[in-house]
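A.B. asks: everything below, folded, please.
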Amino acid sequence: MSAVLAVFQKVNTSQATGALGAADRTESNVTGPKYRWQLYTAFRLDRPRTPNPGGGPDVRFDMAARQSTIATYVALLLVSSSACLATTWVGTWGAAPLPPTPAMGPFPATRSFNNVTIRQVVRVSAGGGRVRIRLTNEYGTRPLVIGKASIAIANSAGEIQSGTVHALSFDSHPGVTIPAGAPLLSDAVELQVAPLSSLSISVYFPEDTGPCTCHETGLQTGYVSEQGDFTAAGPFSAHEKVQVRAFISGVEVESTAKAVVVLGDSISDGIGSTPDENRRWPDHLAERLLKHSGRPGWGVVNMGISGNRVLSGGLGDSALTRFDRDVLSIPGAAYVIAFMGVNDLGISYGHAEGPMAEAFKALQPPHPVTSEALIVGYRQLIERSHAKGVKIIGATITPYGGSAYYSAEGEKIRQAINTWIRTSRAFDGVIDFDAVIRDPADPTRIKEGFHMGDHLHGSDAAYEAMAQSIDLSLLR
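C.D. replies: Residues are numbered from 1 along each chain as shown. Modelled structure (predicted):
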């Protein structure tokens, strides 16, 4: 009713009017000045006769006409309100797909799977009454055969809750073949998913998958079965445990929520946080948004890739290359947090040693990165976001003094970039992660207790502090 009163308070009785005919109650006219004046005169129940300010004949309203007019307008307001609260698909979890890689130093080559079920646990951010998943074969070189798949509610330990297993379908079929180079959405499933709850996703691969389109930094235990289809089973004895995201890249819910997409690198991917505990800084942000925003949950979709760069590929496609797929295509995306740049600097100017030295050198660009080149890259992300009606928030590059990445040249550029992020007003908002975790005694370094021991990646405490530092008024 307060919305109706607010409308009446804004009515200008001096505006032109005419008779309140059926044609005046059309959707296109209902908010016009003519209709507003007539509504006002109808609402004034104490006035049996209302002079027409337009100079025409007086308009008479009996009580029934007045009540009918008010009821019509209230009904239109309710329809409008319902439309504003209509649900739509919103991203609630994500993991950016990566191309298979050969063996690199101590890291093995990307593996394949054959005639097994992989069960993976994801913690969503926003909740909803219907859910679907996004599978990926985007870097596959052959069609990927999905035999069956299922989804279920899981408890905090990742164990399936009894009675919640739902078979997934694909165009009403239990299985599907995903072409090489393509993603694929499942059909929607009626399932009440609470904000910040965990889902268990099981996919059976009856044939050799070829090297996996995986997200390598899962930080969540996945379970590979013995040979066979275990998608309909409850708990099964895992033949093998993995910490990658295999062939799944997104979960969507039907909701009134908005989504925030994180474009980041290993610091957003959660390197240094405790596995299986959801302690990445985007996880903490999702918790804060649910608690303080007053919205029915926010989708926080973490599309960080360890080793990723703004300008160059190598460890995943560059941010400029993958931006449309990994960010702008996320349903319900309203905001992007861009937190990247340390790998551009570290790989250009760092001095790697040991078993990764050769691989490190192979990733170096032909010409060292400059602050001007990085700013051009950031501006491209900004322009592309705005073209899609998405706001983009820039985060300052965090310190890395003491790591193999560090160099005086790279530090000079980091400071220049951070000054530009803070002062240029190019972004729609700024998050100063540098200020949160730097050592006051030596601003080139992360303060003790806030890195995992390598002077580059955060700790659980650092990631929580970073999320706590975000001004939630940036996200409306």
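
A.B. asks: contacting residues for Gly140?
C.D. replies: Applying Cβ atoms under 8 Å, 6 or more residues apart in numbering to Gly140 gives the contacts Ile178, Ala180, Gly181, Thr209, Gly210, Pro211, Thr213. C-beta here means a position set from N, CA and C on the backbone, and glycine is covered the same way.

A.B. asks: let's see the pLDDT reported for it.
C.D. replies: Gly140 is assigned 97 on the pLDDT scale.

A.B. asks: same thing with Cys212?
C.D. replies: pLDDT, read off for Cys212, is 97.

A.B. asks: that one against Thr110, yeah?
C.D. replies: Yes: applying Cβ atoms under 8 Å, one finds Cys212 in contact with Thr110, separated by 5.5 Å.

A.B. asks: overlap in contacts, these two.
C.D. replies: Between them, Cys212 and Thr110 share these contacting residues under Cβ under 8 Å, 6+ apart: Pro100.

A.B. asks: between those two, who's got more neighbours?
C.D. replies: Neighbour count, other Cβ atoms under 10 Å: between Cys212 and Thr110, Cys212 has more, with 27 against 20.

A.B. asks: just confirm that one is within a helix.
C.D. replies: No: if the criterion is DSSP: H, G, I helix; E, B strand; the rest coil, then Cys212 is coil and not within a helix.

A.B. asks: give the contact list for it.
C.D. replies: Shown in contact with Cys212 (Cβ under 8 Å, 6+ apart): Pro100, Thr110, Arg111, Ser112, Phe113, Val244, Ala246, Phe247.

A.B. asks: do you know how far it is from Gly316?
C.D. replies: For Cys212, the distance to Gly316 equals 14 Å [Cβ to Cβ, to the nearest Å].

A.B. asks: what does Ser255 give?
C.D. replies: Distance of Ser255 to Gly316, given as Cβ to Cβ: 28 Å.

A.B. asks: neighbour count winner among the two?
C.D. replies: Per other Cβ under 10 Å, whichever of Ser255 and Gly316 has more neighbours is Ser255, with 28 against 24.

A.B. asks: and for the residue nearest to the more buried one when sequence neighbours are not counted, the neighbour number?
C.D. replies: Leaving aside its sequence neighbours, Ser255 sits nearest to Gly128 (Cβ to Cβ, 6 or more residues apart in numbering; 4.0 Å). By the criterion of other Cβ under 10 Å, Gly128 has 26 neighbours.

A.B. asks: which pLDDT value belongs to Gly128?
C.D. replies: If you check Gly128, the pLDDT there is 95.

A.B. asks: now do Asp326
C.D. replies: The model reports Asp326 with a pLDDT of 98.

A.B. asks: surely it is within a helix?
C.D. replies: Yes: judged by three-state DSSP, Asp326 forms part of a helix.

A.B. asks: you'd agree it is up against Ala96?
C.D. replies: Yes: the pair Asp326 / Ala96 is scored as a contact, 4.9 Å apart, by Cβ under 8 Å.

A.B. asks: mutual contacts of those two, please.
C.D. replies: Contacts common to Asp326 and Ala96, judged by Cβ under 8 Å, 6+ apart, are Met303.

A.B. asks: mind listing what Ala362 touches?
C.D. replies: Contacts of Ala362 by Cβ under 8 Å, 6+ apart are Gly314.

A.B. asks: I misspoke; the intended subject was Ile470.
C.D. replies: Counting by Cβ under 8 Å, 6+ apart, Ile470 makes contact with Leu285, Arg288, Ile431.
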